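Visitor: whatever this is, show me its structure:
(chains A and B)
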Amino acid sequence: MANKPDNKRKKYRAPRGTSDYLPKRAAQLHYLDSQAAEIFERYGYRRIITPTFEDTDLFSRSIGESSDIVRKEMYTFNDKAGRSLTLRPEATAPVVRAYIEHKLHSEIKPVKLYYIGSMFRYERPQAGRYREFWQLGVEALGSPKPLIDAEVIVLLVDYLKSLALNDLVLHIGSMGDDKCRLPYTKKLRQELEPKAEAMCPDCQQRLKLNPLRVFDCKNKVCRAIIAEAPKITDNLCDECANHLVQVEKGIIGAGIKYQLDPTLVRGFDYYTRTTFEVRSPLLGAQSALGGGGRYDNLIAEYGGPATPAIGFALGMERVLLALEAEQVKLDIEISPDLFVAVVDNTDRPEAFRILTDLRRYGLAAEMDYMARSLRSQMKLADKLGSEFVIILGPDELKSGRVAIKNMATGAERKVSLDQIADSIKNLKSEPKGE
RNA sequence: GUGGUUGUAGCUCAAUUGGUUAGAGCGCUGGUCUGUGGCACCAGAGGCUGGGGGUUCAAGUCCCCUCAGCCACCCCA
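Guide: Residues are numbered from 1 along each chain as shown, chains lettered A, B, ... in the order given. Predicted coordinates:
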């Protein structure tokens, strides 16, 4: 870390895996948010905001010590009092913490919450995977019934469809519960251990740490072996099997297509029963737009009252990538209603007064602050996409009547200065001729 | 964390076997049009070729290191 005696200034860049959301992209993100707010609230979910960082062990306990997120991807730091804190890698644990801390179990159940925020994982970045990324998600706490699973899944799909995304594949699976998962895991391990030597090093590791993950492997040899292995969906206890059937019925009733996926394994240890994931086939390696599942034991494990729950999280950047891949244009450009142009530089203060009145009246209005010629002001108004331009010159200011030009048609009409705002509003409500 | 690949104006890309002041289109600013936009034409601004070191008479071109993006693995949103 030798400091060079340089006279050049260091060029600062956004840290690896992070990015600036310039106005265009920020507007897209905001659109995803406002659209989500509308639909999620229609489904009865209310927004919750939790801190960006939490006690480190909140995450290590919930996500699972064996997961990569806990083992190597957390942004962990000590504060000045020596507390170990971690930038949240996901939001379910914080929401559950808040649920318990504020005794939300005393509210009407299920307690339905949604959140938006940036999450942090120290991973090697690539398209669709960043170190700081935005998630949108919901949690429904309190109901063990399969119909709430269906609601959460339908909500996820409906939201994505509302953005005009079409190329989506919904995968549904089950992780079983305490009764059936452990016996199944044992069975799977027994089945695979004799063949372990033929499998890839990753899978050998998985067999020890978390056997279910072998289903994620992309290695050909492993896949062949795994194809023969028992599937969890064939080894569920009666209750879990029935739960899964009921969830499927709910989804079918909502008219949503899905794929039953016995190999769907989700990364967090806290999942029980229903798991699901929505993928875009257009996206490459990071194809999961959103996913989630049921977590019936997590709240009790944190010392809260036994509370079944289910939720999903959705990656906003991935949604943006999918929209791009499907060539969906988010038409969210903002443009002024009118532009105030001046002929003489000396009239700019007067123009500014009029501009401010118009803005206070509720119109989106702009003027030039670069001392441009009238001609250049017109060009600027055009580029900004302004619907109307009013031109203030010596004549207009003397007579008190200004020209209002419709930029689409080129038509101009004279209006008295104190009626500009009303005139614009009237003109805007006129049907537009093509 | 592993392997691969790329890095030239704001953006998309050029630059003969290493060879003089690194170009184009789009965008930006202004003008032709001195009180009127879109089109056209003209002009201008804008680069220590991601950063550092090395080889060479000479490096955007070759070598090493580093940073960053991308592709895949791992994992996940």
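Visitor: what comes up buried for stretch A:147-166?
Guide: Residues of stretch A:147-166 classed as buried by neighbour count (16 or more other CB atoms under 10 Å): A:148-157, A:159-160, A:163, A:165. All C-beta atoms are positioned from the backbone trio N, CA, C, and that covers glycine.
Visitor: from the chain's centre, how far out is that stretch? Work that out for me.
Guide: Distance, stretch centre to chain centre, for stretch A:147-166: 13 Å (CA atoms, centre = their mean, to the nearest Å).
Visitor: residues in contact with that stretch?
Guide: Here stretch A:147-166 makes contact (CB atoms under 8 Å, 6 or more residues apart in numbering) with A:32, A:35-36, A:39-40, A:43, A:45, A:110, A:138, A:140, A:168, A:170, A:172, A:243, A:246-247, A:249-251, A:253-254, A:256, A:273-274, A:276, A:278, A:280, A:289-290, A:292, A:294, A:310-312, A:314, A:319, A:322-323, A:326, A:328.
Visitor: report the buried members of the residues you listed.
Guide: Of these, these count as buried by 16+ other CB under 10 Å: A:32, A:36, A:39-40, A:43, A:45, A:110, A:138, A:140, A:168, A:170, A:172, A:243, A:246-247, A:250-251, A:256, A:273-274, A:276, A:278, A:280, A:289-290, A:292, A:294, A:310-312, A:314, A:319, A:322-323.
Visitor: and RNA strand B, which of those contact it?
Guide: When CB under 7 Å from any atom of the strand is applied, the members of the buried ones among the contacts of stretch A:147-166 adjacent to RNA strand B are A:289-290, A:314.
Visitor: mind putting the residues you listed into JSON lines with pLDDT?
Guide: Formatted as JSON lines, those follow (pLDDT from 0 to 100):
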{"residue": "A:L289", "pLDDT": "96"}
{"residue": "A:G290", "pLDDT": "96"}
{"residue": "A:L314", "pLDDT": "97"}
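Visitor: can you flag which of these belong to strands?
Guide: A:289-290, A:314 (DSSP state E).
Visitor: can you redo those residues as JSON lines with distance to A:L264?
Guide: Shown next, in JSON lines, are these (distance: CB to CB, whole Å):
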{"residue": "A:L289", "distance to A:L264": "14"}
{"residue": "A:G290", "distance to A:L264": "13"}
{"residue": "A:L314", "distance to A:L264": "16"}
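Visitor: out of those, who's nearest A:C237?
Guide: A:G290 (28.0 Å; CB to CB).
Visitor: I'd say that closest one and A:G315 touch.
Guide: Yes: at 6.6 Å, A:G290 and A:G315 qualify as touching, with contact defined as CB atoms under 8 Å.
Visitor: out of the helices and strands in chain A, which is least certain?
Guide: Every helix and strand of chain A was ranked by mean pLDDT, DSSP states H and E. The lowest is helix A:68-72, at a mean of 75.
Visitor: can you list contacts of the helix or strand just after that one?
Guide: Remark: after helix A:68-72, the chain's next helix or strand is strand A:75-78, criterion DSSP states H and E. Contact partners of strand A:75-78, identified using CB under 8 Å, 6+ apart, comprise A:56, A:84-87, A:89, A:120-122.
Visitor: start to end distance for stretch A:140-153?
Guide: Using CA to CA, to the nearest Å, the end-to-end distance of stretch A:140-153 comes to 11 Å.
Visitor: report the rounded mean pLDDT for that stretch.
Guide: Averaging pLDDT along stretch A:140-153 yields 98.
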